[in-house]
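J.: generate a structure from the sequence data that follows.
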Amino acid sequence: MTRSLWQLLLGATALVGVSVSAHAAEIIVPAQPDALARALREAQDGDVLRLSAGVHQGPVVIDRSLVLKGEPGAELKGNGKGSVITVEAPDVVVDGLVITGSGLSNQTIDSGVKLTKKADRARITGNKFLNNLVGVDAHGADDAYIADNLIEGRRDLRPNERGNGIYVWNSPRLLVEYNTIKYGRDGVFVNTSPNDTFKNNYFEKTRFAVHYMYGNKGTISNNVSVGNHIGYALMFSDKLTITGNISKNDRDHGLMLNYANNAVITGNYVKASPEKCLFMYNANKNIVDGNKFERCDIGVHFTAGSAKNKFSNNAFIGNKTQVKYVGTRHLEWTYEGRGNFWSDHSAFDMNGDGVADTAYRPNDMVDQILWTQPAAKLLTGSPAVQLLSWTQSQFPALLPGGIVDTKPLMHAPEIAMPKVGARR
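T.: Have a look, this model is predicted:
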């Protein structure tokens, strides 16, 4: 069937589009059996396929550089096997659709939209991904853009059986922004992909909101994580920028750094984690500046040889334990003449320079004994233990090592709240 005849047949049931160039057309695709598949077979590079309201049959493969645009009420539904849309061409746009019905295979990463290594510069915008295993799988595409989508995973599966909202593998220069992601295993899972950016996204009811593995030089900024197991789990990655993010009521950790080095962590706000605001495990040479850690069981748990990190201008407010550090080294948490704000530090500022006149030490020998020998908590009210704590406070040289802030701040830094989530 020729291209012109196919357009005339579509015009019998819907409005035929107007040619936008010598080799491109805008075509209305009716919600009829096999109509979309036939339109994709006849399409040429640059065509715009407008899907009418109703259910369109999937799965489909897009192997030309075209636009797949959903009119209000348009739904593309897979058959429960594989990915609903597979993109096998550069410069493809998928916009304004409800996409549902992927398969359930984690081995093949069944997704609402799969971007292969041929899908450079793809734009996935303004869609609703419902009840797919994975929302979007960026699998080798360069310079792709995923924005303004609602991605909700399979609620009928246990969390570890679900797929990720967005799965990323070897997709450099990916930009993901203004998405709302719920009910996935991880909101975003990055595996071996450099120079990606994730900003202004909202995550809820997932395992990890953002899970980074071997994603060097990535940027994670102005995202919000609410009620997940971990907000931002950053592992085996170098030179990340983590700025302006919010973690609220995340169960285990707000921020977790595991073998993450040379990162800049600034302007983040972690509040009300039942366990730890920030957990650092063998994380080195990071700058932790201008963050707020509030009302967690532990403000910062610092362990496993983490070294050469710079802490300054942070606020530790109302944490049950401000810092947990078991070690014999003395670590100075002051940088360029400024330390951190500690809500439990009673101090004076006689010269009014905003820096307290006395140093702050969050831990003493009693803390270390309690961490290593929990049964010793029975003795915390005894006169001997109280005398040991008082003696160390009066004679700091007796301390076996730990965190010291010699320039603690009198006032907490302000943290701006980002505007996040889908803009539509």
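
J.: may I see the buried residues of stretch 291-310?
T.: For stretch 291-310, a neighbour-count test (16 or more other Cβ atoms under 10 Å) marks 291-296, 298-302, 306, 309 as buried. From N, CA and C alone the C-beta is placed, and that goes for glycine too.

J.: what is the nearest of the residues you listed to G153?
T.: Distance to G153 across the buried residues of stretch 291-310 (Cβ to Cβ) is lowest for C296, with 27.3 Å.

J.: distance check, the closest one against V264.
T.: Here the criterion is Cβ to Cβ, to the nearest Å. By it, C296 lies 22 Å from V264.

J.: could you do R295 as well?
T.: From R295 to V264 the distance is 25 Å (Cβ to Cβ).

J.: for D353, same thing?
T.: Relative to V264, and taking Cβ to Cβ, D353 is found at 26 Å.

J.: A347 and F189: what is the separation?
T.: Computed as Cβ to Cβ, the A347 to F189 distance reads 44 Å.

J.: I242 contacts N223, doesn't it?
T.: No. I242 is beyond contact range of N223, at 9.5 Å (criterion: Cβ atoms under 8 Å).

J.: anything in contact with each of those two?
T.: Taking Cβ atoms under 8 Å, 6 or more residues apart in numbering as the contact criterion, the common neighbours of I242 and N223 are Y232.

J.: quick revisit: more crowded one of D353 and V264?
T.: V264 (16 against 11; other Cβ atoms under 10 Å).

J.: hang on, the more buried one packs against L234?
T.: No. Using Cβ under 8 Å, V264 is not in contact with L234, being 11.9 Å away.

J.: what do the two both touch?
T.: Listed contacts common to V264 and L234 are 240, 242; contacts here mean Cβ under 8 Å, 6+ apart.

J.: tell me which helix or strand the most centrally placed residue in the chain sits in.
T.: The centre of the chain sits closest to V210, judged by Cα atoms, centre = their mean, with a distance of 2.8 Å. In this assignment (DSSP states H and E), V210 forms part of strand 208-213.

J.: with just CA atoms, put that strand into PDB.
T.: Extracted in PDB, the C-alpha atoms of strand 208-213 (Å, rounded to 0.1, in the frame of the first residue of the first chain):
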ATOM      1  CA  PHE A 208      15.700   3.800  47.100                       C
ATOM      2  CA  ALA A 209      14.600   7.100  45.600                       C
ATOM      3  CA  VAL A 210      17.900   7.500  43.700                       C
ATOM      4  CA  HIS A 211      20.300   4.600  43.500                       C
ATOM      5  CA  TYR A 212      23.700   5.300  41.900                       C
ATOM      6  CA  MET A 213      26.200   2.600  41.000                       C
END
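
J.: what helices and strands are in contact with it?
T.: Counting contacts by 3 or more Cβ pairs under 8 Å, 6 or more residues apart in numbering; DSSP states H and E, strand 208-213 packs against strand 186-191, strand 230-235.

J.: looking at the ones you listed, which is closest to N164?
T.: strand 186-191 (4.3 Å).

J.: now do that closest one: distance to the chain's middle.
T.: 7 Å (Cα atoms, centre = their mean, to the nearest Å).

J.: take the helices and strands packed on strand 208-213 and lay them out in TSV including mean neighbour count, distance to K205 and mean pLDDT.
T.: Below are those laid out as TSV (neighbours: other Cβ atoms under 10 Å; distance: least, Cβ to Cβ, whole Å; pLDDT from 0 to 100):
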stretch	mean neighbour count	distance to K205	mean pLDDT
strand 186-191	27	9	97
strand 230-235	26	13	97
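
J.: got those as a markdown table, with distance to N258 columns?
T.: As requested, those are arranged in a markdown table below (distance: least, Cβ to Cβ, whole Å):
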| stretch | distance to N258 |
| --- | --- |
| strand 186-191 | 14 |
| strand 230-235 | 4 |
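
J.: closest one to A31 among these?
T.: Of all the helices and strands packed on strand 208-213, strand 186-191 comes closest under Cβ to Cβ, at 31.4 Å.

J.: list the buried ones in the helix or strand that the closest one is followed by?
T.: Going down the chain from strand 186-191, the next helix or strand is strand 197-199, by DSSP H and E. By 16+ other Cβ under 10 Å, the buried positions in strand 197-199 come out as 198-199.
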